[in-house]
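Novice: got a structure for you, letters missing:
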């Protein structure tokens, strides 16, 4: 399930949208606070694959408040926000992010 605004239309159209099938991969767009809490609270993990130095990461904190672990790259404040192995995983690259997801699904 993918939620949130699309910031890079071209990337979304080329790399994400072709994988949205409405069954295994669903895009809900931007969701309000009530729905967001339901989605995050029922999720196995929040995937937060940022490629910039995140200054805070409100969605990361929202997920952790719901008890949902986070998989994110070790960028910006993420090492200060995510407690490795407790509230989530700090990935170095795509491969280690995939390994973290496998750990959460085991």
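Specialist: Structure received. Since the model is a prediction, treat every value here as computed from it, not as a measurement.

Novice: Go ahead and name everything in contact with stretch 91-106.
Specialist: 44, 45, 47, 49, 69, 71, 72, 73, 74, 88, 89 (C-beta atoms under 8 Å, 6 or more residues apart in numbering). No exception for glycine: its C-beta is placed from N, CA and C like everyone else's.

Novice: Relative to residue 28, which of those residues is nearest.
Specialist: residue 47 (14.4 Å; C-beta to C-beta).

Novice: Please identify the helix or strand for the residue nearest the centre of the chain.
Specialist: In the chain, the residue lying closest to the centroid (C-alpha atoms, centre = their mean) is residue 47, at 2.1 Å. Residue 47 is part of strand 46-48, with elements assigned from DSSP states H and E.

Novice: picking up where we left off before, nearest residue to the residue nearest to the centre of the chain in space, please, no chain neighbours.
Specialist: Residue nearest to residue 47 in three dimensions, not counting chain neighbours: residue 71, with 5.3 Å by C-beta to C-beta, 6 or more residues apart in numbering.

Novice: Buried ones in the longest helix seen in the chain, by neighbour count?
Specialist: Criterion DSSP state H: the longest helix present in the chain is helix 94-105. By neighbour count on 16 or more other C-beta atoms under 10 Å, the buried set for helix 94-105 is 97, 100, 101, 104.

Novice: in the sheet, who's paired with residue 90?
Specialist: Note on residue 90: beta-bridge partners by DSSP bridges are residue 72.

Novice: And it, how close does it get to residue 68?
Specialist: 16 Å (C-beta to C-beta, to the nearest Å).

Novice: can you list contacts of the strand holding residue 47?
Specialist: So strand 46-48 is contacted by 40, 54, 57, 59-60, 63, 68-73, 78, 88, 97, 101 (C-beta under 8 Å, 6+ apart).

Novice: how about 10 Å then?
Specialist: With C-beta atoms under 10 Å, 6 or more residues apart in numbering as the test, strand 46-48 has contacts from 2-3, 39-40, 54, 57, 59-60, 62-64, 66, 68-73, 75, 78, 81-82, 88, 91, 97, 100-101.

Novice: can you give me the helices for this structure?
Specialist: 9-11, 33-41, 58-65, 78-81, 94-105.

Novice: Tell me how many other residues crowd residue 64.
Specialist: 20 (other C-beta atoms under 10 Å).
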